[in-house]
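Peer 1: Predicted model, plus sequence, below.
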Amino acid sequence: MPASDAVDQQEQPWNRRRLRSTNERLLLDRLRAAGAASRAQLARETGLSKPTVSSALASLAAAGLVHEVGTHAPERGRIAVLYAPDPAAGYALGIDVGRSWLRVAVADLDGSVVARSEVRNRARSSRAMADLVVTTARQVVAGSGVAPDEVVHAVVGTPGVYDEKQHRVRYAMHLPGWGRAGLFDRMREELGVPLEVHNDANLAALGEYTYGVGAGSRLFAYILIGTGLGMGVVSDGRLFTGAHGLAGEIGFLPWPGQQKPERLEDAVSGVAVVEAARRFGMSGQLTAKAVFDAARRGDEAAVQAVRLEGERIAHTVAAAAAVLDPDLVVLGGGVGHSVDLLLKPVRDHLRTLTPLRPRIAPSRLGEDAVLLGAVATALGTARDVVFERRSAAS
């Protein structure tokens, strides 16, 4: 007997509720994965009987989890009603905390962003930064028209690694004081939403896999190059974080500095681009963006700085290729905006370093990669929470 038939035919009173819940979740997952469908189509694809499908859809509709979205007129037979998940059944909150910018978005259960904001991070203390996160998130939710209690889960992306036991972030070198214990507990309490904390490069990788150029990749590495340096690794759709959540912290790899040994992060970052440009003769108020803009205009010092950055990124790619064997390496972050200038020197230098040459591509999501990764991660939990709440209530 097929397993699906067994779900239909088991009659023990003690597990009928569980079986109904299993059938409902099966149908909801199918609708979310493959789109709207009729009762007959769902019965064919899941193996459940038509009466079971009709009963499960009625329960899901009563709970506000699915709704009618149209009809289908086959060549023969009756017109069929089409069902799809109701995206307004709940919402998720994504937050990207960076040194220069704070980005916040609210998304419905389909993953569509219904409201977002990005503000300059001018906070001069960890407490001020936490206040900015809470205030901005509340403003985004209020501006979305979504009731606060309909936002059921939140995910924050941040530099560093969150220590679940100590309730603090470690290794967030560019956010002074951000490692204080209790900051995220306070944000959870003030927002009134369950909140997870993840490394920004890891979330960027998940965002790129879900919405961007990494879709369909068997194993790819996302290299986040901005104020600092990080890497997220997605294998068969799952994030690889290592034994202690530290996988991808490539910024700590040693790098042979001119005066003393440095970290790779000191050589591959926006700050490194500016320092190289100064050594090659540029002056004035410089940013990485200004250096890349000057390189596009043909400024020789800027061109040399960009070429050097490309060579250093090639070392990073070579290390990732040797350890991970990825089919794709994505370059993103603030410096990733200038991948058009970097791809050639990266590829050229990679040929001199290693015979291992994965495909290299720019991020499709740009500066939204971390934010959309946070949204995608929050949605994974939010969908479960909404199903359990609404099923129990109905």
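Peer 2: It's in.
Peer 1: Which residue ranges of the stretch 251-394 of the chain form strands?
Peer 2: 254-255, 262-263, 328-332, 359-362 (DSSP state E, counting those that start in this stretch).
Peer 1: With respect to R30, which of these lies nearest?
Peer 2: For the strands of the stretch 251-394 of the chain, proximity to R30 was assessed by CB to CB; strand 328-332 is nearest, at 29.1 Å. Where C-beta positions appear, they are placed from N, C-alpha and C, glycine not excepted.
Peer 1: Residues touching that closest one, excluding its own?
Peer 2: For strand 328-332, the surrounding residues in contact (CB atoms under 8 Å, 6 or more residues apart in numbering) are 204-205, 208, 212-214, 217, 219-225, 313, 317, 320-321, 339, 342-343, 346, 358-363, 365-366, 369.
Peer 1: Now, of the residues you listed, which are buried?
Peer 2: Neighbour counting by 16 or more other CB atoms under 10 Å classes 204-205, 208, 212-214, 217, 219-225, 313, 317, 320-321, 339, 342-343, 346, 358, 360-363, 365, 369 among the contacts of strand 328-332 as buried.
Peer 1: next helix or strand past the lowest-mean-pLDDT helix or strand in the chain?
Peer 2: Every helix and strand of the chain was ranked by mean pLDDT, DSSP states H and E. The lowest is helix 3-9, at a mean of 47. For helix 3-9, the following helix or strand on the C-terminal side (DSSP states H and E) is helix 16-34.
Peer 1: Would you mark the buried spots in that following helix?
Peer 2: Quick answer for helix 16-34 (16+ other CB under 10 Å): L19, R20, S21, N23, E24, R25, L26, L27, L28, R30, L31, R32.
Peer 1: next structured bit after that helix?
Peer 2: According to DSSP H and E, the helix or strand after helix 16-34 is helix 39-46.
Peer 1: Please compute how far that following helix lies from its chain's middle.
Peer 2: Distance of helix 39-46 from its chain centroid, counting by CA atoms, centre = their mean, to the nearest Å, is 32 Å.
Peer 1: Mind giving me the packing neighbours of that helix?
Peer 2: helix 16-34, helix 50-62, strand 80-85 (3 or more CB pairs under 8 Å, 6 or more residues apart in numbering; DSSP states H and E).
Peer 1: Save those as TSV, and put in mean pLDDT and distance to L93 too.
Peer 2: Formatted as TSV, the helices and strands packed on helix 39-46 follow (pLDDT from 0 to 100; distance: least, CB to CB, whole Å):
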stretch	mean pLDDT	distance to L93
helix 16-34	92	19
helix 50-62	96	24
strand 80-85	95	19
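Peer 1: and of those, who's closest to V291?
Peer 2: Comparing the helices and strands packed on helix 39-46 by CB to CB, helix 16-34 comes nearest, at 44.5 Å.
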